[in-house]
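**Q** Any chance you can model this:
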Amino acid sequence: MLQGTVVASRWPGVTAGAHIGRAARVRNAAALQAAVDRAASAGRFFELEPGLFEIESELGLVVPAADAFRWQGSTASHIRQFADNAPILSVGDTQHGRTYTGRLRLSGFRLDYARHQHGQPRSTALRLGLLTGCVIEDGFVSPAYDERGSSADAFRGLHVTSGRTATGFFSNTLRDLHIAGAGHCVLNLSIFGSGNLFQNVYVKQSGSPPGPRPVAAGLMLLDGRGTQQEGVFEQCNFEWASGRTMLQLENVRNLTFLSCHFEGLELTGRQPALLRLANAEAQLSACTFQEISTDAAQGEGEAALCKLWGQNRLTANGLHLEWNAASRVRRPLRVVGIAAGGPVDAEPQVRLSDISVTDDAGDNQLSVTLDDRIAEPVPGLLEEYRRGALFSTLRGGRLAVGPDHTHYGYHADAVLVCPAIPLRSCVVVLSNRVRADGPGAALPVPTGALVTVIREAGPPGLPEARVQNHDGRTLLRLAAPGSRAHFRFDGSHWSHVT
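**A** A predicted model of the protein is given here:
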């Protein structure tokens, strides 16, 4: 012990280093547990210095339910578990659902398994139980690689559970965490709770290269066993995984994703979705979706970034959808859709605004539309997106256009950008119809509709942007880099507004 702190390396029986043998790993687990217990019972800090600590224990290490406990380490404070079908580190009451822990701070750790834990349901790297007002920070949960180069994935990366759904996880902060490499689910919440903040949390299954690897239950699973309310995911990344659902939100209320990044996700299987809501309420603001892929050969049915089942409320503002040569959208991909087999009387409330789309490859089957079954239950509730009797509309947002683009009226108040990349031409045709086909093709663009066209600034030699009326008449040529113009529909034709 040093000045009120229990230091792991000074505790009897603790051995640091690799390849210490099974007997030493078992002793290590027992000695480290004794040091943690001593610090908790005596009201002292526990310090785990940088270094590798191999353990072998079917219980892993357990931080007991002790208020104001402080674990101090760094992402170089490395614990490797050699026991199969066993957790690595558990914090608080994760099994009995009886005792809360308050004001605990767990700061600095690195956790991994020595072997792949495929099909081992107790192999969760980090388990959190009944916590309130606690801070979990500066942690690294990621698979090691064995001598053959195989990834030693956990079954779950981080699991919040108490063994009982009637108890909860309240007002906690999880920040500066890297959680990766789990075959079943990377981040799993199976507990009631509210007011939790996830900040700068990086969640992924695999790196790039080699590209996304399958994860059975998704990168994040809120499985509905307890309602999560008023939680915030801020500046989080969800990346590099493949599966039918990437984030499952079931029975959640007012969950917010703020400035989050979704990249390198491959949607596979029947009716896949990146974000699947089931009787849930969620808000997305200032989020980016990049290099999202899906292919009809990987499963039947329509894919969606957000798919709804049951009674849901979804608000999305300031989203940027970016597709490039690495994206393979080879079946219809909606921004929002209805899950097949959902309740027929469900009326999701959906509000979308300020969506920008970039498709540098130009051959992806992205549709910035919503499912026609999404209704507006209360007049005026959906300000930016609404479903009329025969067609849907999307209001606002920037859209990067290809060499020849026809703009239809379902996208109202649009900003069309001719990108600063080499194109043979950039011709924008303003249609007088709401849609190219279907019922909307018989409906005229509303009188007074407004469209803005921008020729993006770039290197010399880029083609001019030419804007045409629906009858082929040229309305304006935008030759100057960075120039823009506005066009209004008078009920019959479009005209340049100065």
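**Q** which ones are touching residue 292?
**A** For residue 292, the contact set (CB atoms under 8 Å, 6 or more residues apart in numbering) comprises 262, 263, 265, 266, 267, 274, 305, 321, 323, 327, 329, 333. Where you see a C-beta, it was placed from the backbone N, CA and C, and this is true even at glycine.
**Q** remind me which residues of the stretch 101-250 of the chain are low pLDDT?
**A** Applying pLDDT under 70 to the predicted model, the residue ranges of the stretch 101-250 of the chain that meet it are 145-150, 164-167, 207-211.
**Q** quick one: the helices in it?
**A** If you assign secondary structure with DSSP state H, counting those that start in this stretch, the stretch 101-250 of the chain ends up with no helices.
**Q** Can you add secondary structure and give the contacts of residue 292 back as a markdown table?
**A** Formatted as a markdown table, the entries for those read as follows, by DSSP: H, G, I helix; E, B strand; the rest coil:
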| residue | secondary structure |
| --- | --- |
| 262 | strand |
| 263 | strand |
| 265 | strand |
| 266 | strand |
| 267 | strand |
| 274 | strand |
| 305 | strand |
| 321 | strand |
| 323 | strand |
| 327 | coil |
| 329 | strand |
| 333 | strand |
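**Q** Just the closest of those residues to residue 100, please.
**A** The shortest separation between residue 100 and any of those is 33.6 Å, and it belongs to residue 262 (by CB to CB).
**Q** Tell me how many other residues crowd that closest one.
**A** A total of 25 residues lie near residue 262 under the criterion other CB atoms under 10 Å.
**Q** Identify the bridge partners of it.
**A** residue 238, residue 289 (DSSP bridges).
**Q** Go ahead and confirm it touches residue 291.
**A** No: between residue 262 and residue 291 there is no contact, the gap being 9.1 Å when judged by CB atoms under 8 Å.
**Q** What's the local residue count around residue 97?
**A** By other CB under 10 Å, 18 other residues sit near residue 97.
**Q** go on, the one 4 residues further on?
**A** Residue 101 is flanked by 23 other residues according to other CB under 10 Å.
**Q** for it, what are its contacts?
**A** For residue 101, the contacting residues are 65, 66, 67, 69, 91, 92, 93, 129, 130, 131, 132, 134, taking CB under 8 Å, 6+ apart as the criterion.
**Q** Over to residue 269?
**A** For residue 269, the residues meeting the contact criterion (CB under 8 Å, 6+ apart) are 243, 244, 298, 299.
**Q** Let me have these in JSON lines, extended by neighbour count.
**A** Rendered in JSON lines, the data for the contacts of residue 269 read as follows (neighbours: other CB atoms under 10 Å):
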{"residue": "243", "neighbour count": "22"}
{"residue": "244", "neighbour count": "21"}
{"residue": "298", "neighbour count": "19"}
{"residue": "299", "neighbour count": "16"}
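**Q** Just put those in TSV and tack on distance to residue 154.
**A** Written out in TSV, the entries for these read as follows (distance: CB to CB, whole Å):
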residue	distance to residue 154
243	16
244	20
298	25
299	26
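**Q** Next step: the residues you listed restricted to strands.
**A** When strands are assigned by DSSP state E, the members of those inside them are residue 243.
**Q** quick one, what contacts residue 191?
**A** Taking CB under 8 Å, 6+ apart as the criterion, residue 191 is in contact with 160, 161, 162, 165, 167, 168, 169, 225, 226, 228.
**Q** Next, count neighbours for the third one.
**A** When counting by other CB under 10 Å, one arrives at 28 neighbours for residue 162.
**Q** Quickly note the distance from it to residue 103.
**A** If you measure residue 162 against residue 103 using CB to CB, to the nearest Å, the figure is 18 Å.
**Q** same check, this time on the first one
**A** In this structure, residue 160 and residue 103 are separated by 18 Å, where distance is defined by CB to CB.
**Q** if you count what's nearby, which of these two comes out ahead?
**A** Taking other CB under 10 Å, residue 160 and residue 103 do not tie; residue 160 has more neighbours (28 against 13).
**Q** end-to-end on stretch 63-80?
**A** Using CA to CA, to the nearest Å, the span of stretch 63-80 from its first residue to its last is 16 Å.
**Q** Flag every buried residue along it.
**A** Using 16 or more other CB atoms under 10 Å as the burial criterion, the residues of stretch 63-80 that qualify are 63-66, 69-75, 77-80.
**Q** Could you find the closest non-adjacent residue to residue 405?
**A** Here the nearest residue to residue 405 in space, its sequence neighbours aside, is residue 428; by CB to CB, 6 or more residues apart in numbering that works out to 5.2 Å.
**Q** Figure out the helix or strand that the one you found lives in.
**A** In the assignment (DSSP states H and E), residue 428 maps to strand 426-430.
**Q** Relative to residue 230, how far out is the residue nearest in space to the middle of the chain?
**A** When the chain is reduced to its mean C-alpha position, the closest residue under CA atoms, centre = their mean turns out to be residue 238, at 4.2 Å. Counting by CB to CB, the gap between residue 238 and residue 230 amounts to 20 Å.
**Q** hang on, residue 316 is in a strand, isn't it?
**A** Yes: for residue 316, which was evaluated using three-state DSSP, the result is membership in a strand.
**Q** I'd like the distance between the closest residue to residue 407 other than its chain neighbours and residue 98.
**A** Beyond its immediate neighbours in the sequence, the residue positioned closest to residue 407 (CB to CB, 6+ apart) is residue 430, lying 5.4 Å away. Distance check for residue 430 against residue 98: by CB to CB, it reads 66 Å.
**Q** out of these two, which sits in the more crowded spot?
**A** In this comparison of residue 430 against residue 98, neighbours counted by other CB under 10 Å, the higher total goes to residue 430 at 25 against 13.
**Q** Now find how far off-centre stretch 294-307 is within its chain.
**A** The chain centre lies 17 Å from the centre of stretch 294-307; the measure is CA atoms, centre = their mean, to the nearest Å.
**Q** Can you give me the buried ones in that stretch?
**A** The neighbour-count criterion (16+ other CB under 10 Å) identifies 294, 298, 299, 302, 303, 304, 305, 306, 307 as the buried residues of stretch 294-307.
**Q** got the contact list for residue 6?
**A** Residues near residue 6 by CB under 8 Å, 6+ apart: 35, 36, 38, 39, 42, 44, 45, 46, 47.
**Q** Inside strands: which ones of these?
**A** Applying DSSP E to these, the entries found in strands are 45, 46, 47.
**Q** Can you tell me which of those is nearest residue 248?
**A** residue 46 (34.8 Å).
**Q** burial count for the closest residue to the closest one other than its chain neighbours?
**A** Distances taken as CB to CB, 6+ apart put residue 39 closest to residue 46, at 3.9 Å, once the chain neighbours are dropped. Neighbourhood size, residue 39 [other CB under 10 Å]: 26.
**Q** Distance check, residue 39 against residue 8.
**A** 10 Å.
**Q** Report the distance from stretch 229-242 to the chain centre.
**A** Mean C-alpha position of stretch 229-242 versus that of the full chain (CA atoms, centre = their mean) differs by 4 Å.
**Q** cool, stretch 285-305 as well?
**A** For stretch 285-305, the distance to the chain centre is 12 Å (CA atoms, centre = their mean).
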